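[1] Compute the structure for the input listed below.
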Amino acid sequence: MKKISSFIPVHVINKTGLIKELSCYISDVFPKDILNTIEINSIKDNVLIIGCKNSSVATKMRFEKQVYLDILKDNPVCEIEDITISLLD
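    Numbering: from 1, shown residues only. As a prediction, the model looks like this:
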């Protein structure tokens, strides 16, 4: 009998690793006051999708999106061209 992990596509495993690496990088460079209220949801086509637990933080991040793009500009993990902010349920 095969393990479930043998059925998981390689691109899903790679994306999970990419999100973990990017989350670690973000925890080092983002302002500490928002780290507990955000979560990296996904990354697709060089667009980082961040979920916020708090609507005021989401609004603040939307207005200051360029600041966060500048922070992520030199990250060693992957190229980020845009950020999408959403509210977590």
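[2] In three-state terms, label the residue lying closest to Val29 once chain neighbours are set aside for me.
    Nearest in space to Val29, with sequence neighbours left out and distances taken as CB to CB, 6 or more residues apart in numbering, is Ile71 at 5.3 Å. C-beta: built from backbone N, CA, C; applies to glycine. Secondary structure, DSSP: H, G, I helix; E, B strand; the rest coil: Ile71 is helix.
[3] Find the residue closest to Ile75 in space, skipping its chain neighbours.
    Quick fix: residue 75 reads Asn, not Ile. That would be Tyr25: by CB to CB, 6+ apart, it lies 5.2 Å from Asn75.
[4] Which residue ranges of the protein form helices?
    Per DSSP state H, the chain carries helices over the ranges 10-29, 32-35, 55-63, 65-72.
[5] nearest to Leu87, of those helices?
    Minimum separation from Leu87 across these (CB to CB) falls at helix 55-63, 5.5 Å.
[6] Show residues contacting the closest one.
    34, 37-38, 50, 52, 68, 83, 85-87 (CB atoms under 8 Å, 6 or more residues apart in numbering).
[7] Quick one, grab the pLDDT at Lys3.
    Looking at Lys3, its pLDDT stands at 63.
[8] Likewise for the one 4 residues further on?
    You'll see Phe7 listed with a pLDDT of 59.
[9] Could you export the helices of the chain as CSV, including distance to Glu79 and mean pLDDT?
    Below are the helices of the chain laid out as CSV (distance: least, CB to CB, whole Å; pLDDT from 0 to 100):
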stretch, distance to Glu79, mean pLDDT
helix 10-29, 11, 83
helix 32-35, 22, 91
helix 55-63, 20, 94
helix 65-72, 9, 95
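[10] any idea how far the closest residue to Ser27 other than its chain neighbours is from Asp70?
    The shortest distance from Ser27 to any non-neighbouring residue, by CB to CB, 6+ apart, is to Leu35 (5.9 Å). Noted for Leu35: a distance of 18 Å to Asp70, by CB to CB, to the nearest Å.
[11] out of the two, which sits in the more crowded spot?
    Set Leu35 next to Asp70 and count neighbours by other CB atoms under 10 Å: Leu35 wins out with 13 against 10.
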